[in-house]
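**Student:** show me how the following folds:
(2 chains)
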Amino acid sequence: MDFVQNFPAVSILLCLFGGIISSGLRGKTARYVNRGLLLVVTFLSLCTLCYTLESGEAFVYVMGKFPAPWGNEIRAGMLEAFMAFFFCIIMLLSLEGGKKKLVEEVEEEKVFLYYVLIDLLLASLLALVYTNDLFTAYVFVEINTIAACGLIMIRQNGRTIEAAARYMIMSLLGSGLLLLGICMLYDLTGHLLMSNIKDQAAMLYASGQYRIPLLVTIALMSVGLAIKSALFPFHAWLPDAYGYSTVSSAAILSSLVSKGYIFLLIKIIYRVIGFEVFYDSRIIDVLFAFGLMGMIFGSVSAIRENDVRRMIAFSSVAQIGYIYMGIGMGTQAGMAASVFHILSHAATKSLLFIAAIGLTDVSGGSRKFIDLTGGAYRNKWAGVAFTVGSLSMVGVPLFSGFISKLLFAQAAVQNGTKMLPALIVLGISTVLNAIYFMKTVIRIYTPVEDSAYESVTFKNMKLYGLTLICFIVLNVFLGVSSQPIVDLIERGLTVFS
Amino acid sequence: MSRLKPQKEYEKTGAFHFFRWLSGSKDPYVGEIEMQPQKEAEIQETTILERMKESEMVRDKVYDVENNKVLKLFHKVYVVAAILFCVVLVGLLLYTVSYLPRIGNSANPDNNIVSERYIEQGLQETGALNIVSGMILTYRAFDTFGETNVLFIATCCVMILLMVDDVILKKQRIRNDRRFEPKNDGILQGTVFVLCPIIFIFGIYIILNGHLSPGGGFSGGAIIGAGLMLYTSAYGFEKTQRFFDEHIYKIAKITALCMYGIIGSYFYITGANGIENHIPLGTPGHILSSGIILPINICVGLEVACTMYAFYALFRRGGL
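**Tutor:** All right, here's what the predicted structure looks like:
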């Protein structure tokens, strides 16, 4: 066995250790530990990515001396390694961008707890990405849920506590449904390891045995994960949770936590239930329909919103709808488009959150549109970054959002029955996106005579500015040189199943 | 009948006190324990006004149920929809359960090679008489490490929510100890004096015998945690802090989790790389046997006890 194969397991364990040790440190030291950890894990993921790209296939790593199906096991392919790498980068940038706000909004003696939560959240994300065992996935889903609650409520005002309570109730409902699904699946197949379940499920499906329980299991797991990732009718917790928590939390929650669950769902579709069985179950059509509804209603809510943070949060509902629409198409191309949109939305949404905080800071801390007028002149970099993020979300060429919309459209054209609704809703949603994002961009670039608020230059916010530049570069990179990444995703999905 | 002892010496014996108590001439609790009844919570007028203002604000700004017609309709529809949803979900799940394999049938899918190996070879491979311990701490040690971290992160979240400043904690020290029960309650203290050592020893017994008999880190740790809570409610925080304060809590928690992590990592990484790990399995049935299970059980027990106590202390006064 090669040395590199240890890296996925080591990165999960390192993050867990980092969290444990941080709980005994002061805030500042915990931050250094966290940053070091992120850099190391990014490096390890990059090594794993190179290794898997070179070997061209996934490898299995047994956690302990007992092979699966008896022991635990993780599995790393190129898609998993790439996701882990990408998640680390986004997390690093989001944390750096929101560092100043974190100091202002979180009590000083509780800052170390923030980094404990972040470390454990990273561990759980990595575990969700790499795991090859359904129960391990469930355990880390629990860690993920609790950590996300903590991230919301660490900024203590009434709204965040309420948002955290709401998030917890909805999210636990999702976990409960997922657990019910896993229990039933265990009862039907007798395994918890993904590949074994897949064999058994294919056998059950072919023989026609236990058809109803299998269908209900698929439904429960899909709905559970859909609730946790805020698919349209289950998004009630989202605007408050993203709108009022401290900005790093909002960026991490919208771009990573919900994406981790979606990745788990994709994993379940490919590696647990089997793509054909899932496709034939027709649950996929339900996901498709809700995805389409989310694309429209999320955007409509965003247009009606008068608070820029909540507007960006509602836009997440629409973008999650895109991802589920891609999954719901039931083709390889649709799935690849969804995975690409996971990346593009993660890069863009965290950029928007971080840029919006720069704009509200120079507008007296108000998030109302009326106060944001001319904000881009007072904080030039935040204005540029917000514009880039908006253009990307709307789907203007050169930016990452364009590529994902193009991929969705291509996937829709290849699909016979779902082509028309997908294309129509894609068009409507793009227009709606343009309405609320361009409205904001025009608003922040409307000059005001002798504004009462102070301006900020690059010198006063070097780190913040650098983070924004990195985000912009990442966005343009995803938009300009998308072909290698799309190829990687397609290869990864093939290796996946 | 002549007394063997003179009166003065007799007054010192327990029998004298017992008969005095029996005849009702002396109540041993008078003077020893605070007999004053609990005070009604005093609410000042300003607090009432403030609360009224707040609730009005909530009504006006957030949930204006009375005047907002859409919200009113929504609340009605919401109740009906929630009930309908629950009924449908319950019906659906019951319907599904009726199609699941019957419990106890030997041909069920879950009676397969997985459970067969756990049962048949578990003893040789893990050295644990308790198959469940062997399974969760050796075969699936990684899941259990995750599960222990769930407890850890749950305490972190409760800390975020409930922990108060040290200054406030010091100011409210007396109030925290005497708010809900009288100080030095003799009955409680006497009972705890007898019970607590037994509870602690029983908890330790369960942890140490986790690989031999039913039990293990989670259940034993819960018992020790319950003992700590009992001790605190009888003797107050000040006395508990003589042996268990925030500093010791942190040390115990971090050491336990790190030890588990180190043992676990050693086990995973050597196992995955095919290197022989030098953890002796011992003779099954002995107290020092079954490889990594015993140390992991101790770590898990410590962590669970710490978590239980931390929850109690945080909910009661907002600090350890």
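**Student:** now whatever helix or strand residue A:494 lives in: mean pLDDT?
**Tutor:** Element membership of residue A:494, judged by DSSP states H and E, is helix A:482-496. What helix A:482-496 shows for mean pLDDT is 89.
**Student:** now do stretch B:84-96
**Tutor:** Here the average pLDDT along stretch B:84-96 is 93.
**Student:** buried ones in that stretch?
**Tutor:** For stretch B:84-96, the neighbour count (16 or more other CB atoms under 10 Å in any protein chain shown) marks residue B:96 as buried. In short, each C-beta sits where N, CA and C put it, glycine included.
**Student:** can you check stretch A:89-109 too?
**Tutor:** Here stretch A:89-109 shows A:89-102, A:105-106 as buried, counting by 16+ other CB under 10 Å.
**Student:** which ones among the residues you listed are found in helices?
**Tutor:** Among the buried residues of stretch A:89-109, the residues falling in helices (DSSP state H) are A:89-97, A:99-102, A:105.
**Student:** for the residue positioned nearest the centre of chain A, which residues are in contact?
**Tutor:** Geometric centre of chain A, nearest residue: residue A:259, 2.6 Å, by CA atoms, centre = their mean. Residue A:259 makes contacts with A:87, A:229, A:342, A:345, A:346, as judged by CB atoms under 8 Å, 6 or more residues apart in numbering or on different chains.
**Student:** looking at these, which is nearest chain B?
**Tutor:** Set against chain B, the nearest of the contacts of residue A:259 by CB to the nearest CB is residue A:87 (18.1 Å).
**Student:** so how many other residues sit close to the closest one?
**Tutor:** Look at residue A:87: counted by other CB atoms under 10 Å in any protein chain shown, it has 28 neighbours.
**Student:** now chain A against chain B: closest residue?
**Tutor:** residue A:65 (3.3 Å).
**Student:** measure the closest residue to that residue other than its chain neighbours to residue A:469 for me?
**Tutor:** Computed as CB to CB, 6 or more residues apart in numbering or on different chains, the closest residue to residue A:65 that is not its neighbour in sequence is residue B:271, at 3.3 Å. From residue B:271 over to residue A:469 the distance is 45 Å, taken as CB to CB, to the nearest Å.
**Student:** about what we covered before: so who does the residue of chain A closest to chain B touch?
**Tutor:** Residues touching residue A:65, when contacts are defined by CB under 8 Å, 6+ apart, comprise A:71, B:267, B:270, B:271, B:272, B:277.
**Student:** that one belongs to a strand?
**Tutor:** No. Membership of residue A:65 in a strand is not supported by DSSP: H, G, I helix; E, B strand; the rest coil, which gives coil.
**Student:** check the offset of the helix or strand hosting residue A:201 from the chain's centre.
**Tutor:** Secondary structure assignment for residue A:201, by DSSP H and E: helix A:194-207. Per CA atoms, centre = their mean, to the nearest Å, the displacement of helix A:194-207 from the mean C-alpha position of its chain is 29 Å.
**Student:** do that helix and chain B meet at all?
**Tutor:** Yes. Counting by CB under 8 Å from any CB of the partner chain, contacts between helix A:194-207 and chain B involve residue A:200.
**Student:** now the next helix or strand along the chain from that helix: buried residues?
**Tutor:** As assigned by DSSP H and E, the chain's next helix or strand after helix A:194-207 is helix A:211-228. Within helix A:211-228, the residues scored as buried using 16+ other CB under 10 Å are A:213-228.
**Student:** C-alpha coordinates for helix A:211-228, CSV please?
**Tutor:** What follows is helix A:211-228 as a C-alpha-only set of coordinates in CSV (Å, rounded to 0.1, in the frame of the first residue of the first chain):
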residue,chain,number,x,y,z
ARG,A,211,-40.3,-3.4,-3.1
ILE,A,212,-42.4,-1.1,-0.9
PRO,A,213,-39.9,-0.9,2.0
LEU,A,214,-37.1,-0.2,-0.5
LEU,A,215,-39.1,2.6,-2.0
VAL,A,216,-39.9,4.2,1.3
THR,A,217,-36.3,3.9,2.4
ILE,A,218,-35.1,5.8,-0.7
ALA,A,219,-37.8,8.4,-0.1
LEU,A,220,-36.9,8.8,3.6
MET,A,221,-33.2,9.2,2.9
SER,A,222,-33.7,11.7,0.1
VAL,A,223,-36.2,13.8,2.0
GLY,A,224,-34.0,13.7,5.1
LEU,A,225,-31.0,15.0,3.2
ALA,A,226,-33.2,17.5,1.3
ILE,A,227,-34.4,19.0,4.6
LYS,A,228,-30.8,19.3,5.8
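**Student:** show me what the helix holding residue A:494 is packed against.
**Tutor:** Judged by 3 or more CB pairs under 8 Å, 6 or more residues apart in numbering or on different chains; DSSP states H and E, helix A:482-496 is in contact with helix A:78-97, helix A:332-361, helix A:400-414.
**Student:** more neighbours, residue B:271 and residue A:469?
**Tutor:** Between residue B:271 and residue A:469, counting by other CB under 10 Å, residue B:271 is the more crowded of the two (19 against 14).
**Student:** show me what the helix or strand harbouring that one is packed against.
**Tutor:** Using DSSP H and E, residue B:271 sits within helix B:246-273. Helices and strands touching helix B:246-273, by 3+ CB pairs under 8 Å, 6+ apart, are helix A:7-22, strand A:59-63, helix B:141-162, helix B:293-317.
**Student:** buried set for that helix?
**Tutor:** Quick answer for helix B:246-273 (16+ other CB under 10 Å): B:249, B:252-254, B:256-261, B:263-265, B:267-272.
**Student:** and after the helix or strand of chain B with the lowest mean pLDDT, which helix or strand comes next?
**Tutor:** Between all helices and strands in chain B, the lowest mean by mean pLDDT, DSSP states H and E belongs to helix B:173-178, at a mean of 68. Next helix or strand after helix B:173-178 toward the C-terminus (DSSP H and E): helix B:186-208.
**Student:** show me the contact partners of that next one.
**Tutor:** B:28-29, B:32-33, B:181, B:215-217, B:219-221, B:223-224, B:226-227, B:230-231, B:233-235, B:287, B:294, B:297-298, B:301, B:305.
**Student:** contacts only, for residue A:51.
**Tutor:** A:2, A:4, A:5, A:7, A:81 are the contacts of residue A:51 under CB under 8 Å, 6+ apart.
**Student:** would CSV of these with pLDDT, distance to residue B:97 and neighbour count be doable?
**Tutor:** Listed next are the contacts of residue A:51 as CSV, based on pLDDT from 0 to 100; distance: CB to CB, whole Å; neighbours: other CB atoms under 10 Å in any protein chain shown:
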residue, pLDDT, distance to residue B:97, neighbour count
A:2, 83, 46, 10
A:4, 88, 46, 17
A:5, 89, 42, 19
A:7, 92, 43, 24
A:81, 93, 40, 27
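**Student:** go through these and name the one nearest residue B:116.
**Tutor:** residue A:5 (29.2 Å; CB to CB).
**Student:** go ahead and confirm the closest one touches residue A:55.
**Tutor:** No. Contact between residue A:5 and residue A:55 fails when scored by CB atoms under 8 Å: they sit 9.8 Å apart.
**Student:** what do the two both touch?
**Tutor:** Common neighbours of residue A:5 and residue A:55 (CB under 8 Å, 6+ apart) do not exist.
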